[in-house]
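> Sequence first, then the predicted structure, then my questions.
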Amino acid sequence: MRTALLFCHRLKKTTAESHRMLPEAYGNNYLSETTCRDWFQRFKASDFDVEDKKRLGQAKMFQDTELQALLDENDAQTQQERAEQLGVALSTIYDHLKAMEKIQKEGK
């Protein structure tokens, strides 16, 4: 949709015109007029990148292989220590360990 909006912008269509054209091309799966307006403002500011930008506070993505490497290196580390090493929240480590079936019960 963002690429379609960029196309409309380059054709000198207005935000309202572009918003009216989206349902014709995409059916009921189209953006709100406010979202269209936001994207047109970006384009007018010469920001033509239609990909998502990294946001502050966005969760850091890591692979289970990174966590497995930490486990192989030192299996006595706490979840908090692993979270700090990977730069993620403690709950993220817990969720990954649980999915990997690595959660220890009663110290075993």
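Structure received. Numbers count the residues shown, from 1 in each chain.
> Where does the prediction get shaky in the protein?
Applying pLDDT under 70 to the chain flags residues 54-62, 104-108.
> Would you map the helices across it?
According to DSSP state H, the chain carries its helices in the segments 2-10, 15-26, 33-44, 64-73, 79-86, 90-99.
> For the ones you listed, please prepare CSV with the additional fields distance to Val50 and mean neighbour count.
From N, CA and C alone the C-beta is placed, and that goes for glycine too. Converted to CSV, these look like this (distance: least, CB to CB, whole Å; neighbours: other CB atoms under 10 Å):
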stretch, distance to Val50, mean neighbour count
helix 2-10, 4, 16
helix 15-26, 14, 15
helix 33-44, 8, 16
helix 64-73, 30, 13
helix 79-86, 30, 15
helix 90-99, 29, 15
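> could these go into a markdown table alongside distance to Lys53?
Shown next, in a markdown table, are the helices of the chain (distance: least, CB to CB, whole Å):
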| stretch | distance to Lys53 |
| --- | --- |
| helix 2-10 | 12 |
| helix 15-26 | 21 |
| helix 33-44 | 10 |
| helix 64-73 | 24 |
| helix 79-86 | 23 |
| helix 90-99 | 21 |
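> Looking at those, spot the one closest to Glu51.
helix 2-10 (8.3 Å; CB to CB).
> got the angle for that closest one vs helix 15-26?
If you take axes from the mean of the first three to the mean of the last three CA atoms, to 10 degrees, helix 2-10 sits at 140 degrees to helix 15-26.
> is it true that Leu70 touches Ala76?
No - counting by CB atoms under 8 Å, Leu70 sits too far from Ala76 to count as a contact (11.1 Å).
> send the alpha carbons of stretch 26-41 over as CSV?
Extracted in CSV, the C-alpha atoms of stretch 26-41 (Å, rounded to 0.1, in the frame of the first residue of the first chain):
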residue,chain,number,x,y,z
TYR,A,26,-7.3,-3.4,-3.0
GLY,A,27,-10.9,-3.9,-2.0
ASN,A,28,-11.7,-3.5,1.7
ASN,A,29,-8.0,-3.9,2.7
TYR,A,30,-6.9,-0.3,2.5
LEU,A,31,-5.4,2.4,4.7
SER,A,32,-7.3,5.1,6.6
GLU,A,33,-7.3,8.6,5.3
THR,A,34,-5.2,9.7,8.3
THR,A,35,-2.5,7.1,7.5
CYS,A,36,-2.5,8.2,3.9
ARG,A,37,-2.1,11.8,5.0
ASP,A,38,0.9,10.8,7.2
TRP,A,39,2.6,9.0,4.4
PHE,A,40,2.0,12.0,2.0
GLN,A,41,3.6,14.3,4.6
